[in-house]
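> generate coordinates for the sequence data below:
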Amino acid sequence: MFIKMNNVTKYYITGSTSVRALHKVNLNIKKGEFVCIAGPSGSGKTTLLNLLAGIDTPTEGKIFVDGKEITNMNDSLLSKYRRDYIGFVFQRFYLIPHLTVLENVIFPRLFADKMKDKPLKMLGLKLLEYVGIAHKSDRYPTELSGGEQQRVAIARALINNPKIILADEPTGELDSENTEKILQLFKKLNFENNITVIIASHDGEVWKKAKRIIKLRDGEVVK
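Here you go, the predicted structure:
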């Protein structure tokens, strides 16, 4: 199994208060699957994605990705894991406003390897072409629509050739037309590149596109 979560529990401590975000979650996800983590706000979807990304660590339980346990990795190994395995797509895009579209896309790779400037720009343009927005490579994020900004964010997530795309409510800021376009793009990535796609969403339209739905409620898998 490509991704395994074994009895994963996560608590957050705020002052003297302990809040349970996930409780004894067990998941198995195959390589190349398109999975939707479904559930209402507060059900634990974002926490689950953050744990898979190595951004956060569980209070209890273990997580394995591609045969490696990521829950026992130190900061250096986690950074390498995120670089080599994870492309994260956020709801609010998080593009850097003073960088152009192309600069936003290639930014995560500037410090990752010794690829020369020209080949890196060519790779960025190729990814922008793949997501259908290469013609706006020299624009700035504020000059783009929400759907266009999300396309840039997806291209940025692909710059390190990830094995897994994690998307947290990626259509939450989009209208129905752009939602459909972005979901078709995720399906294209999954089908053409065999990238494992895991989308967290409370939107029923997103659920319809997934090959499998995992439903969370109050931090537990219910279906």
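
> use CA for all of it now, contacts and neighbours both
Noted.

> helices or strands up against the helix or strand of the chain with the lowest mean pLDDT?
Sorting the helices and strands of the chain by mean pLDDT, DSSP states H and E puts helix 204-209 at the bottom, at a mean of 84. When contacts are defined as 3 or more CA pairs under 8 Å, 6 or more residues apart in numbering; DSSP states H and E, helix 204-209 packs onto strand 34-38, helix 176-193.

> is the spatially most central residue of the chain in a helix, a strand, or coil?
Nearest to the mean C-alpha position of the chain, by CA atoms, centre = their mean, lies Leu166 at 2.1 Å. Following DSSP: H, G, I helix; E, B strand; the rest coil, Leu166 is assigned to strand.

> which ones are touching it?
Applying CA atoms under 8 Å, 6 or more residues apart in numbering, one finds that Leu166 lies in contact with Leu49, Ala53, Ile86, Gly87, Phe88, Val89, Val197, Ile198, Ile199, Ala200.

> any idea how far Asp218 is from Ser43?
When distance is defined by CA to CA, to the nearest Å, Ser43 is 5 Å away from Asp218.

> before we move on, what about Ser41?
The gap separating Ser41 from Asp218 is 9 Å, by CA to CA.

> what is the end-to-end distance of stretch 136-152?
End to end - CA to CA - stretch 136-152 spans 10 Å.

> now swap in stretch 84-96 and tell me
By CA to CA, the extent of stretch 84-96 from end to end equals 22 Å.

> contacting residues around it?
53, 104, 141, 149-150, 153-154, 157-158, 160-173.

> which of these are buried, as a ChimeraX select command?
To isolate the buried ones among the contacts of stretch 84-96 in ChimeraX, judged by 16 or more other CA atoms under 10 Å, type:
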select :53,104,141,149,150,153,154,157,158,160,161,162,163,164,165,166,167,168,169,170,171
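
> contact partners for the residue lying closest to Tyr140 once chain neighbours are set aside?
Counting by CA to CA, 6 or more residues apart in numbering, Thr100 is the residue found nearest to Tyr140 once chain neighbours are left out, at 4.6 Å. Contact analysis of Thr100 by CA under 8 Å, 6+ apart lists Ser137, Asp138, Arg139, Tyr140, Pro141.

> cutoff 10 Å now
Thr100 makes contact with Lys136, Ser137, Asp138, Arg139, Tyr140, Pro141, Thr142, Glu143 under the criterion CA atoms under 10 Å, 6 or more residues apart in numbering.

> look at Ser41 and Asp218 and report which has more neighbours.
A side-by-side neighbour count of Ser41 and Asp218, using other CA atoms under 10 Å, places Asp218 first with 17 against 12.

> how much space between the more buried one and Glu103?
From Asp218 over to Glu103 the distance is 40 Å, taken as CA to CA.

> now which of the contacts of Leu166 would you call buried?
Counted by 16+ other CA under 10 Å, the contacts of Leu166 give Leu49, Ala53, Ile86, Gly87, Phe88, Val89, Val197, Ile198, Ile199, Ala200 as buried.

> buried set for stretch 176-186?
Asn178, Thr179, Glu180, Ile182, Leu183, Leu185, Phe186.

> between those residues, which is closest to Ile29?
Checking these against Ile29 with CA to CA, the nearest one is Phe186 at 16.9 Å.

> quick one: the helices in the chain, in order.
Taking DSSP state H, the helices of the chain run over residues 45-52, 75-85, 101-106, 117-130, 146-158, 176-193, 204-209.

> okay if I get those as JSON lines plus distance to Ser18?
Below are those laid out as JSON lines (distance: least, CA to CA, whole Å):
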{"stretch": "helix 45-52", "distance to Ser18": "15"}
{"stretch": "helix 75-85", "distance to Ser18": "25"}
{"stretch": "helix 101-106", "distance to Ser18": "38"}
{"stretch": "helix 117-130", "distance to Ser18": "43"}
{"stretch": "helix 146-158", "distance to Ser18": "33"}
{"stretch": "helix 176-193", "distance to Ser18": "36"}
{"stretch": "helix 204-209", "distance to Ser18": "31"}
